[in-house]
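S.K.: after the sequence you'll find the predicted model.
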Amino acid sequence: MDTRDGLLAGEAPSLRTLELLGCAIPLTSPVIFSPNLTRLVLDTPQDNAREVLQMLQHTIQLETFHMACSHNGPSSESPHLLSEVRLPRLMHLLLIGHCALLLRITEKLRLPVAKVSITLICFLPAVLSPSQTAERLFATVRSARMPFVKHRADNDQPFSPQKLGFQGKLASNAPLRINSCPLHVCHEEDLQASGHHGPHSVVDVQLFHQETQAAIGLREWHPMFTASSPENLLKTTGWSLANLSSIRVADIRGACPSPDFWKFISMIASLQQIIVEARYTPNLIPSLYTSWDPALEVRAAFSFPRLRHIKIIGTVSPDTGPETLLESIANALQRRQELASHCDGRIEGAQSLDLLELTDCLSPPSESVLLALPPMHVKEVSWKLKSAPGQSQ
């Protein structure tokens, strides 16, 4: 687009929103540098991370930045000496493009706001490893958020959320594809400041094959599906789960959490609460009593050592009542305590659950099944029927 004449040739100091779709202008255009610009949406063939970052240095008032790059190949620019860019107000970031471009941009961004939605839609050539690329992308999220989450400037500190939620719904209007698994992240400071109901960030990474445009399944690349342990996750991405107290697993698109996923989750020694859709419980329940270290040589080797609350949403299937699910959990908790009793007090985790919570039940659980759950396994069981459309309880 010719920007030598008209609005795009000059400054627009009162401009707050600029959306350019199906056209492209130089990223040095004066109109982009409008001092009050808070929303910028670009559909561009731009593939130069340096120019993008230089542009963002002049638009620090941005609250929303969406950019889709139609260039099919990696940038030819030198990756060295790119400057960091701090965007103190940015709350919504959406980047679509080749993995090399996205990595070069995101690794230099610093996003200090308490609540931010980050969506990265990345196209990979066949020669690149999806899992290694995803690890680098998650590491850039860590570097973008870490210096401000803990109010420290030490980039070597790990990124350590207190709550995580795998949940299909996005906080913004960003695209949601079949291989999408938005990760809702809540930090310790947010919880302390808000009585455990504070703001949270959303990290949604989506990977596609560049040649075929086909989605790459979550199990092939998502760090929490591919990492062998929390220690391995910390090493590859800089994400620490040492402070994680609660995890929610709901509406994961394109991937049912496998036994290996729950094995990974069971190694998080700080975890106290699991919120999960009932359809994912068949792989979860065995992990409650299956030790990942048969020798149990260390205290943390016992699965879910501090687990106190399980909340299950819905039913395993439309024709299955809550009784079967309750019986399976009761058997798992009994086997859990039996396993712990053979460990000579070397581990924690043999305590009963404080609360087993069932929501969105299709029918009430039978009284006999509820009475069969001994207090030594679970102190309290609560349930709630699913509301009919338009009805509240």
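M.R.: Yep, that arrived.
S.K.: can you count the residues close to Pro286?
M.R.: Here the number of neighbours of Pro286 (other CB atoms under 10 Å) works out to 17. Placement of C-beta: from N, CA and C, glycine included.
S.K.: so it: helix, strand or coil?
M.R.: helix (DSSP: H, G, I helix; E, B strand; the rest coil).
S.K.: how near is it to Met224?
M.R.: 19 Å (CB to CB, to the nearest Å).
S.K.: repeat that for Ile268.
M.R.: Ile268 is 10 Å from Met224, by CB to CB.
S.K.: could you do Ser29 as well?
M.R.: 41 Å.
S.K.: between these two, who's got more neighbours?
M.R.: Met224 (22 against 17).
S.K.: what's around Pro322, how many residues?
M.R.: Counted with other CB under 10 Å, Pro322 comes out at 23.
S.K.: burial count for Glu338?
M.R.: 11.
S.K.: next one: phi and psi at the closest residue to it other than its chain neighbours?
M.R.: Of all residues not flanking Glu338 in the chain, Tyr289 sits nearest, at 7.9 Å (CB to CB, 6 or more residues apart in numbering). Backbone geometry at Tyr289, expressed as degrees, to the nearest 10, gives phi -130, psi 0.
S.K.: and Ser382, by the same measure?
M.R.: Dihedral angles (degrees, to the nearest 10) for Ser382: phi -130, psi 150.
S.K.: so what pairs up with it in the strands?
M.R.: Glu357 (DSSP bridges).
S.K.: in which helix or strand does Leu93 reside?
M.R.: strand 92-98 (DSSP states H and E).
S.K.: so where's this structure uncertain?
M.R.: 1-11, 71-80, 146-157, 168-180, 187-199, 253-254, 291-301, 342-351, 388-393 (pLDDT under 70).
S.K.: run the last query once more with 50
M.R.: 1-3, 147-153, 170-178, 189-197, 296-300, 392-393 (pLDDT under 50).
S.K.: skipping adjacent residues, who's closest to the residue nearest the centre of it in space?
M.R.: Centroid-nearest residue in the chain: Leu183, 1.7 Å away (criterion: CA atoms, centre = their mean). Of all residues not flanking Leu183 in the chain, Val203 sits nearest, at 4.6 Å (CB to CB, 6+ apart).
S.K.: Ser129 and Pro230, how far apart?
M.R.: Applying CB to CB to Ser129 and Pro230 gives a distance of 21 Å.
S.K.: nope, Leu218 is what I was after
M.R.: With CB to CB as the criterion, Leu218 and Pro230 are 18 Å apart.
S.K.: neighbour count winner among the two?
M.R.: Leu218 (27 against 22).
S.K.: for that one, phi and psi?
M.R.: Dihedral angles for Leu218 - degrees, to the nearest 10 - are phi -60, psi -40.
S.K.: next one: Met224
M.R.: phi -80, psi -10.
S.K.: I'd assumed Phe261 was in contact with it.
M.R.: Yes. Using CB atoms under 8 Å, Met224 is in contact with Phe261, at 7.2 Å.
S.K.: so who does Ser258 touch?
M.R.: Arg219, Phe225, Asn283 (CB atoms under 8 Å, 6 or more residues apart in numbering).
S.K.: what about it, distance to His222?
M.R.: Distance from Ser258 to His222, by CB to CB: 12 Å.
S.K.: kindly report the same for Thr17.
M.R.: When Thr17 is compared with His222 (using CB to CB), they lie 34 Å apart.
S.K.: between the two, tell me which one has more neighbours.
M.R.: His222 (25 against 12).
S.K.: distance of the more buried one relative to Leu233?
M.R.: 11 Å.
S.K.: what's the answer for Ala114, then?
M.R.: Taking CB to CB, one finds Ala114 at 23 Å from Leu233.
S.K.: more neighbours: which of the two?
M.R.: A count of neighbours by other CB under 10 Å puts Leu233 above the other of Ala114 and Leu233, at 23 against 17.
S.K.: residue contacts, that one?
M.R.: Per CB under 8 Å, 6+ apart, neighbours of Leu233: Pro223, Met224, Ala227, Trp239, Leu241.
S.K.: once you drop chain neighbours, what's closest to the fourth one?
M.R.: The shortest distance from Trp239 to any residue that is not its chain neighbour, by CB to CB, 6+ apart, is 5.0 Å, and that residue is Phe159.
S.K.: also the third one?
M.R.: What sits nearest to Ala227 in space, not counting adjacent residues and going by CB to CB, 6+ apart, is Leu233, at 4.2 Å.
S.K.: in which helix or strand would I find that neighbour?
M.R.: Applying DSSP H and E, one finds Leu233 within helix 230-237.
S.K.: okay, now Phe159: neighbour count?
M.R.: Neighbours of Phe159 (other CB under 10 Å): 22.
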